[in-house]
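> Just need the structure, nothing else, for what follows:
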Amino acid sequence: MTAPTAPTPPPAPDPAGILIVDDMEENLVALTAVLGPLGQRVVVAHSGEEALKAMLRQQFAVVLLDILMPGMDGFETAANIKRLDQTKDVPIILLTGHGIDPDYAYRGYAVGAADFLSKPIEPWILRTKVNVFLELHRKNRQLAVQAEQLQRLLITDQDGATGFGERLSDVTWRLMQVESLLREGANLSGPALADRIKDLEASVRGLARHGDADADTDTGEGAAADGGGSGP
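Below you'll find the predicted structure:
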């Protein structure tokens, strides 16, 4: 009898997490509960000012931001987030009540919001949209790791052997291409982005193998030279 397949474990919590901003405590509680199945760290803020302070203290993969708040409203908060170098790249999903002026969506996108949802929000829609940004953040981290690997390879390479320049150009081009797509906010699906990163990983591995082969060749030549220099 075939043993039952083990359930797929949930994704590891993203260290950047999710920030929810709303002046109504009941809304914060409800949104936190809706996002619970994602298994990610959730931080709440009761005002735009509190949200900005939280974002300067820690990183977030996405921000859920209510528009109608006393004092600094959602539009002003979003504009301030986009003005700061430390937070400008964090995607923002604006939330507003049902039946609000359609012009709000235009204003939201104008200040740099990535998405716009009207209440009441379907839980599965919210989880799906948030998960897209979480996945994008994970891919960004993978890019950073690949860039670090490439830098280490460049530092440790001493020979400038034939073919290294071509491989380096290939890796650099792929890295620039993916970074450009991410910075421009291209509508790139998860699988497509994963494929590009996979290509980058293959290029880095090829570069590493090339460096290892050069090292082995040098070692062999050195040994041969030593052997040729010795005699009876």
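> Helices along this structure, start to end?
25-35, 48-57, 74-83, 103-110, 123-156, 164-183, 190-229 (DSSP state H).
> For the fourth one, list the C-alpha coordinates in PDB.
Yep, that's helix 103-110 we're talking about. In PDB, the C-alpha atoms belonging to helix 103-110 read as follows (Å, rounded to 0.1, in the frame of the first residue of the first chain):
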ATOM      1  CA  ASP A 103     -10.900  59.200  -8.600                       C
ATOM      2  CA  TYR A 104      -9.300  57.800  -5.500                       C
ATOM      3  CA  ALA A 105      -7.800  55.000  -7.600                       C
ATOM      4  CA  TYR A 106      -6.200  57.400 -10.000                       C
ATOM      5  CA  ARG A 107      -4.800  59.500  -7.100                       C
ATOM      6  CA  GLY A 108      -3.500  56.300  -5.500                       C
ATOM      7  CA  TYR A 109      -1.500  55.200  -8.500                       C
ATOM      8  CA  ALA A 110      -0.300  58.800  -9.000                       C
END
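> What helices and strands are in contact with it?
helix 74-83, strand 92-96, strand 115-118 (3 or more Cβ pairs under 8 Å, 6 or more residues apart in numbering; DSSP states H and E). C-beta coordinates here come from the backbone N, C-alpha and C atoms, glycine included.
> Could you do the second one as well?
Identification of packing neighbours for helix 48-57 by 3+ Cβ pairs under 8 Å, 6+ apart yields strand 18-21, strand 42-45, strand 62-66, helix 74-83.
> Contacts made by the second one with the rest, please.
Contacts of strand 42-45 from elsewhere in the structure, counted by Cβ atoms under 8 Å, 6 or more residues apart in numbering, are 17-22, 28, 32, 35-36, 51, 53-54, 58, 60.
> picking up where we left off before, could you say which of the helices and strands packed on helix 103-110 is packed most deeply?
Mean neighbours per residue, mean count of other Cβ atoms under 10 Å, is largest over the helices and strands packed on helix 103-110 for strand 92-96, with a mean of 23.
> returning to that earlier point: out of the contacts of strand 42-45, which is most surrounded?
Val21 (31 neighbours; other Cβ atoms under 10 Å).
> How about the contacts made by that one?
Val21 neighbours (Cβ under 8 Å, 6+ apart): 44-48, 50-51, 63-66, 69, 74, 77.
> tell me which of the contacts of strand 42-45 is nearest to Thr96?
Here the nearest of the contacts of strand 42-45 to Thr96, counting by Cβ to Cβ, is Asp22; it sits at 10.8 Å.
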